[in-house]
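S.K.: what would the 3D arrangement of this be:
(one chain, ligands or ions: 1)
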Amino acid sequence: MNTHWEDLQNQIDIIKKKSLYRKCVETSGIDFCSNDYLGLASNDELKEEFIKNARLHTTGSTASRLVKGHRKEMTTFEQNFSEFVGTEASLIVSTGYVANMGLIDTIADSQTIIFTDRLNHASILDGIRISGGIKKYYHHLDMDHLEFLLESISLEPNYSKKKKIIVSETLFSMDGDSPDLKRLMKIKRRFDCTLILDEAHALGVFGDSGRGMCFEQLESEEIKNIEESTKIYEREDKIRKEKEFINKRSVELSILDEKANSLVKESSSMIETNLKLRESLDSLKSRLNSRESELNTLSLSLDNQRKDIDAKLEALKYQELRINKIIKERSIDELLKVNNV
Ligand SMILES: Cc1ncc(COP(=O)(O)O)c(C=O)c1O
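M.R.: As a prediction, the model looks like this:
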């Protein structure tokens with residue numbers, strides 16, 4: 001019988017045979033694949049802020065938020081962020097991976113059916129897995145297929161007892177495509193589902209002031225409706241608390257202690273890193289505004305250049321007409337001369 005390690009080695013060998021073995025390589029050359037779309041990672045202002053804060057506080061949180069890692073700056077950040085994206089509450093965590101795992105694990109259980117776009121990020125799939133929820137894939141961006149799956153499930157005997165969640169990214173980074181959010185909202189309402197939208201790649205880039213794809217595709221009333229979906233949980237006390245956790249102030253200690261482990265029990269220095277963005281939110285907004293005005297100037301100058309080119313083309317056409325006319329007249333003259341008329 002193989003040892004555990006021999007088994008693992010066999011698994012790796014099989015992966016290698018299928019040419020699916022993955023390796024991290026040091027990057028070089030021009031960056032066409034990072035998700036640092038706004039260049040914030042190398043922004044000097046942010047770097048300065050980061051160093052200043054590291055001197056002022058600790059480089060790590062020293063404990064989870066539940067123990068002693070919580071700081072008032074976190075609350076301030078969350079309030080600022082909520083204001084920015086127009087939500088009732090926010091919860092800052094170290095990474096998007098942790099956010100998806102914690103959120104889905106918190107609101108789903110074995111009685112929950114989770115409809116997930118086939119190409120959703122691994123963190124969403126891991127969240128579904130650890131929640132114990134029932135996973136149903138729908139074809140990438142295919143709202144007809146999603147609707148078909150929901151209709152089929154609504155015919156099952158225990159359907160009414162099941163909670164339903166639809167989860168999708170709003171911008172798929174690999175292909176750069178997006179779901180039809182208006183249609184997604186209609187489906188969510190029709191089947192009384194909770195809708196989770198992951199704005200990881202759209203925030204800062206799409207929507208008014210970079211507030212995300214929801215602001216690009218939906219009206220503000222529709223955006224409010226996304227949160228409204230948690231109301232289906234109000235009947236049960238335990239789940240009501242979870243609703244509070246998502247919608248109300250984020251530091252409801254008893255609730256967080258009970259469920260959202262990955263959100264408040266991490267003691268990662270990454271939260272500290274993210275906090276530096278608190279001061280940078282304004283800088284992000286002004287950066288977006290200045291990018292917008294840069295683009296406006298650019299498009300203005302392009303417009304002027306286009307007008308210039310149009311005018312030159314017009315002049316060239318006029319000259320061409322004149323030349324053609326001269327050639328025609330000359331050839332008539334020459335024809336007359338040759339024929340001695
Ligand atoms: C849609 C989506 N959600 C979540 C994540 C995870 O975010 P993080 O890299 O911050 O863990 C990613 C990572 O690229 C992502 O593409």
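
S.K.: Tyr137 belongs to a strand?
M.R.: Yes: assessed with DSSP: H, G, I helix; E, B strand; the rest coil, Tyr137 lies in a strand.

S.K.: separation between the residue lying closest to it once chain neighbours are set aside and the ligand?
M.R.: Nearest residue to Tyr137, sequence neighbours excluded (Cβ to Cβ, 6 or more residues apart in numbering): Arg118, at 4.8 Å. From N, CA and C alone the C-beta is placed, and that goes for glycine too. For Arg118, the distance to the ligand equals 14 Å [Cβ to the nearest ligand atom, to the nearest Å].

S.K.: burial count for Arg118?
M.R.: 11 (other Cβ atoms under 10 Å).

S.K.: do I have it right that it meets Lys136?
M.R.: No: the pair Arg118 / Lys136 is not scored as a contact, 10.4 Å apart, by Cβ atoms under 8 Å.

S.K.: give me the phi and psi angles of the residue of the chain found nearest the ligand.
M.R.: Nearest residue of the chain to the ligand: Gly96, at 2.4 Å (Cβ to the nearest ligand atom). Backbone geometry at Gly96, expressed as degrees, to the nearest 10, gives phi -60, psi -30.

S.K.: ok so Thr106 is a helix residue?
M.R.: Yes: counting by three-state DSSP, Thr106 falls inside a helix.

S.K.: before we move on, back to that, mind checking how far the residue of the chain closest to the ligand is from Asp36?
M.R.: 14 Å (Cβ to Cβ, to the nearest Å).

S.K.: of these two, which one has the most company?
M.R.: Gly96 (16 against 10).

S.K.: what residues are up against the more buried one?
M.R.: His121, Ser123, Asp198, Ala200 (Cβ atoms under 8 Å, 6 or more residues apart in numbering).

S.K.: and the residue nearest to Tyr137, what's its pLDDT?
M.R.: Listed pLDDT for Arg118 reads 97.

S.K.: kindly report the same for the one 10 residues further on.
M.R.: In this model, Ile128 is scored at 97, pLDDT.

S.K.: equivalent analysis for Glu236, please.
M.R.: Confidence for Glu236, expressed as pLDDT, is 35.

S.K.: equivalent analysis for the one 3 residues further on, please.
M.R.: Ile239 is assigned a predicted lDDT (pLDDT) of 35.

S.K.: what residues does the stretch 101-250 of the chain put near the ligand?
M.R.: When proximity is defined as Cβ under 6 Å from any ligand atom, the stretch 101-250 of the chain approaches the ligand at His121, Ser123, Glu169, Ser173, Asp198, Ala200, His201.

S.K.: let's go with 8 Å and repeat that
M.R.: Asn120, His121, Ala122, Ser123, Ile124, Glu169, Leu171, Phe172, Ser173, Asp198, Ala200, His201 (Cβ under 8 Å from any ligand atom).

S.K.: which members of these are positioned in strands?
M.R.: Counting by DSSP state E, those place Glu169, Asp198 in strands.

S.K.: filter the residues of the stretch 101-250 of the chain next to the ligand down to the buried ones, PyMOL style.
M.R.: Remark: buried members of these, expressed as a PyMOL selection using 16 or more other Cβ atoms under 10 Å:
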select buried, resi 120+121+123+124+169+171+172+198+200+201
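
S.K.: mind picking the two most distant members of the residues of the stretch 101-250 of the chain next to the ligand?
M.R.: The largest separation in those, counting by Cβ to Cβ, is between Ala122 and Leu171 at 16.4 Å.

S.K.: poorly predicted segments of the protein, please.
M.R.: Where the chain drops to pLDDT under 70, the residues are 224-288, 291, 335, 338-341.

S.K.: residues in contact with the closest residue to Ser154 other than its chain neighbours?
M.R.: In this structure, Ser154 finds its nearest non-sequential neighbour in Phe191, 7.0 Å apart by Cβ to Cβ, 6+ apart. Contact analysis of Phe191 by Cβ under 8 Å, 6+ apart lists Leu150, Ser154, Lys164.

S.K.: what secondary structure does the first one sit in?
M.R.: Each residue gets one of three states, and Leu150 gets helix by three-state DSSP.

S.K.: many thanks, I have nothing further to ask.
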